[in-house]
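# Generate coordinates for the sequence data below:
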Amino acid sequence: MSKEIDKTKGEILIYKTDDGNTKIDVIMVDGTVWLSQAQLCELYQSSKSNISEHIKNIFIDGELQADSVVRKFRTTAKDGKNYNVLHYNLDMIISLGYKVKSKVGTKFRIWATQRLKEYLVKGFTMDDERLKNLGGGTYWKELLDRIRDIRSSEKVFYRQVLDLFATSIDYDKKSEDAKYFFTTIKNKMHYAIHKNTASELIYKRVSSEKNLWVLQISRGTCLL
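Residues are numbered from 1 along each chain as shown. Model (predicted):
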């Protein structure tokens, strides 16, 4: 297969690092990777019949739709002739990784389980090195935008203030001083944003003549 054709379809590599961890490197084209059945066999170190059986069952079970994950690429074979060969995208590559019984398949599942566990426990998972080297393309900008949105959350803001305040040896969340402190912080935050304290904002906006007294609901907070 020519190098030019490879560049149109991307590459994927599953291997073990020096410290024994499984790592997956992906070179994507237009957000995905396309591998032929022969390449899938090579990737997962499995037989053609085994890969074919898994692909067939994936379609039968409705896990993936053929028209979304299969594409024909014109490929030059060893005999010098061109053939239209079926290729499968990243969705199929990942699905096969959960099913193929081989050493590489096991490595993939270990890696995937680590990523899924990290996501469930922390709420996120990242490939630091890839992002540092712009391997994620423009996705790093999306990441920064999402982090900026999360940081602007009222819950996150008060959590950070509480973490700082809780370092005080005499901190008591039920004390009047603590209540006064957070009330003051909240009013200062409101004033910095819209030049009103919380009570002033309620006084100016609330109305019994409007739907829900003009109360607006958003995730994690209520806004007037």
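# rest of the way, CA atoms for contacts and neighbours
Will do.
# Mind jotting down where the strands sit in the chain?
11-16, 22-27, 35-36, 70-76, 82-88, 216-218, 221-223 (DSSP state E).
# looking at these, which one has the lowest mean pLDDT?
Mean pLDDT per stretch puts strand 221-223 lowest among those, at a mean of 48.
# domain ranges for this protein?
Domains of the chain are assigned by automatic domain parsing as 3-147, 152-223.
# mean pLDDT lowest for which of those?
Minimum mean pLDDT among the domains of the chain: domain 152-223, a mean of 71.
# count of neighbours near the spatially closest residue to His190 that is not a sequence neighbour?
Closest residue to His190 apart from its sequence neighbours, by CA to CA, 6 or more residues apart in numbering: Thr197 at 5.6 Å. Residues lying near Thr197 (other CA atoms under 10 Å) number 19.
# ditto for Gly10
Gly10, neighbours per other CA under 10 Å, totals 19.
# So it is in contact with Gly31, correct?
No. Checked against CA atoms under 8 Å, the pair Gly10 and Gly31 is beyond contact range at 9.4 Å.
# who's in contact with the residue nearest to His190?
For Thr197, the contacting residues are 187-188, 190-191, by CA atoms under 8 Å, 6 or more residues apart in numbering.
# Which one of those is nearest to Val26?
For the contacts of Thr197, the closest approach to Val26 (CA to CA) belongs to His190, at 45.3 Å.
# measure Arg74 to Val85 for me?
6 Å (CA to CA, to the nearest Å).
# do the same with Tyr98
Distance, Tyr98 to Val85, by CA to CA: 24 Å.
# Likewise for Arg159?
For Arg159, the distance to Val85 equals 55 Å [CA to CA].
# Arg151 too?
From Arg151 to Val85 the distance is 48 Å (CA to CA).
# cool, and Ser36?
From Ser36 to Val85 the distance is 7 Å (CA to CA).
# hang on, the earlier thing: the more surrounded of Arg159 and Val85?
Legend: neighbour count by other CA under 10 Å for Arg159 and Val85, higher for Val85 (15 against 12).
# and the gap between that one and Ala77?
With the distance defined as CA to CA, Val85 ends up 10 Å from Ala77.
# intersection of neighbour lists for the two?
Common neighbours of Val85 and Ala77 (criterion: CA under 8 Å, 6+ apart): none identified.
# What lies in contact with stretch 22-34?
Contacts with stretch 22-34, where a contact means CA under 8 Å, 6+ apart, come from 7-17, 87-90, 107-108, 110-111.
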